[in-house]
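[1] Sequence plus predicted model, see below.
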Amino acid sequence: MNALIFGAGGQDGFYMQQLCHELSIEPIGISKFPAAGCIQGDVSDYAQVEGWIKHYRPAYLFHLAANSTTNHQALFENHATISTGTLNVLECVRQHSPGAIVFITGSGVQFRNVGQPISEQDEFEARSAYAVARIQSVYAARYYRTLGVRAYVGYLFHHESPRRTDDHVAKMISSAARRIARGSSEKIRLGDMSVRKEWAFAGDIVRGIFTLVNQENVFEATIGTGQAYSIQDWLEQCFRVLGKDWREHVDLEQAFTPEYHCLVSNPKTIRSLGWVPKMDFPGLASLMMGV
């Protein structure tokens, strides 16, 4: 049994490959950029996707590839990777591997956000180019389900790990805190520290994905902790590990305007399928701090 994993060079792809190994499933990783153990390729290239699906006839196919930014400048990149990539995957599965189980990644930011927990039943809202691409991919999955493709959508919220890059706030803070512990005099520059979001562990989230795709009653679900913490909470937790006061190491950008003030999931559906996250907030901070 095997699994094709698009976006295998990223955080989620790394943990999905680990999980496949644990479950005796052969992972075949595809990455747009060079990554150890992965085939280099592009999910937005139909001919490439068709070739891999025809060759491997995967039991599972996970489309995890994306540039996880809502910046408008990534408009065409997001459209190609998320929207076109989803169509390529679904059409090639329909034609060449109709028994495959397909997972398409969704996001909490594609929903209308009024500061309350978001479930898969809530209304979409296209507030960014990234959200537009995610919304398009969901409707594609729904259409292909009518054609017989077993296509699942998991709406993911913020999830972190040491595999994150420093352009994500959780990793940026933990990396800076470690340097400060080694004697750096740098300041961490932040905007609104009251912004609240989820701080899940990526390894838990991919287990949630696997829970979703291995049953036949629910095809879309939000996958998250349902617990929100502020950026200040994260700072305090990381510096608590060091035994230091974060207030001595932070500069605030007063003009910063956040995209939202709270983004949190309602994970009732995925919990009903038996999944619960194993790692808590302090545990994630300790992991990210390397202790």
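    Looks like it arrived, so ask away. Quick caveat: nothing in here was measured; it's all calculated off a predicted structure.
[2] in the protein, which spans are strands?
    2-6, 26-31, 39-40, 60-63, 101-107, 150-156, 159-160, 188-190, 196-197, 200-201, 220-223, 229-230, 250-252, 262-263 (DSSP state E).
[3] Ok, which of the ones you listed comes nearest residue 269?
    Distance to residue 269, taken as Cβ to Cβ, is lowest for strand 220-223 among the strands of the chain, at 4.4 Å. C-beta coordinates here come from the backbone N, C-alpha and C atoms, glycine included.
[4] Export the strands of the chain as JSON lines, with columns for mean neighbour count, distance to residue 277 and mean pLDDT.
    Shown next, in JSON lines, are the strands of the chain (neighbours: other Cβ atoms under 10 Å; distance: least, Cβ to Cβ, whole Å; pLDDT from 0 to 100):
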{"stretch": "strand 2-6", "mean neighbour count": "26", "distance to residue 277": "21", "mean pLDDT": "98"}
{"stretch": "strand 26-31", "mean neighbour count": "22", "distance to residue 277": "22", "mean pLDDT": "97"}
{"stretch": "strand 39-40", "mean neighbour count": "13", "distance to residue 277": "30", "mean pLDDT": "96"}
{"stretch": "strand 60-63", "mean neighbour count": "27", "distance to residue 277": "19", "mean pLDDT": "98"}
{"stretch": "strand 101-107", "mean neighbour count": "24", "distance to residue 277": "18", "mean pLDDT": "98"}
{"stretch": "strand 150-156", "mean neighbour count": "24", "distance to residue 277": "12", "mean pLDDT": "98"}
{"stretch": "strand 159-160", "mean neighbour count": "24", "distance to residue 277": "9", "mean pLDDT": "96"}
{"stretch": "strand 188-190", "mean neighbour count": "17", "distance to residue 277": "26", "mean pLDDT": "89"}
{"stretch": "strand 196-197", "mean neighbour count": "21", "distance to residue 277": "15", "mean pLDDT": "96"}
{"stretch": "strand 200-201", "mean neighbour count": "24", "distance to residue 277": "6", "mean pLDDT": "98"}
{"stretch": "strand 220-223", "mean neighbour count": "26", "distance to residue 277": "9", "mean pLDDT": "98"}
{"stretch": "strand 229-230", "mean neighbour count": "18", "distance to residue 277": "13", "mean pLDDT": "96"}
{"stretch": "strand 250-252", "mean neighbour count": "13", "distance to residue 277": "28", "mean pLDDT": "87"}
{"stretch": "strand 262-263", "mean neighbour count": "20", "distance to residue 277": "17", "mean pLDDT": "95"}
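[5] which ones are touching the closest residue in space to residue 263 that isn't next to it in sequence?
    When the adjacent residues along the chain are set aside, residue 263 lies closest to residue 197, with 4.9 Å between them (Cβ to Cβ, 6 or more residues apart in numbering). Taking Cβ atoms under 8 Å, 6 or more residues apart in numbering, we find residue 197 in contact with 157-158, 228-229, 262-264.
[6] re earlier: can you redo the strands of the chain as CSV with distance to residue 171?
    Shown next, in CSV, are the strands of the chain (distance: least, Cβ to Cβ, whole Å):
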stretch, distance to residue 171
strand 2-6, 22
strand 26-31, 19
strand 39-40, 24
strand 60-63, 22
strand 101-107, 18
strand 150-156, 17
strand 159-160, 7
strand 188-190, 12
strand 196-197, 14
strand 200-201, 13
strand 220-223, 20
strand 229-230, 15
strand 250-252, 16
strand 262-263, 18
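[7] can you point me to the longest helix in this structure?
    helix 129-146 (DSSP state H).
[8] Distance from the chain centre to that one, please.
    Once both centres are worked out by Cα atoms, centre = their mean, to the nearest Å, helix 129-146 turns out to sit 16 Å from its chain's centre.
[9] buried set for it?
    The neighbour-count check on helix 129-146 (16 or more other Cβ atoms under 10 Å) flags 129-138, 140-141, 144-145 as buried.
[10] Looking at those residues, which is nearest residue 69?
    residue 130 (6.6 Å).
[11] Let me know whether that closest one touches residue 105 as I believe.
    No - contact criterion Cβ atoms under 8 Å: residue 130 and residue 105 do not qualify, at 11.5 Å.
[12] which residues do those two both contact?
    With Cβ under 8 Å, 6+ apart, residue 130 and residue 105 have common neighbours 66, 82.
[13] At which residues are the helices of this structure located?
    Using DSSP H, helices in the chain cover 11-22, 46-56, 75-78, 85-96, 129-146, 169-181, 202-213, 231-242, 268-272, 281-289.
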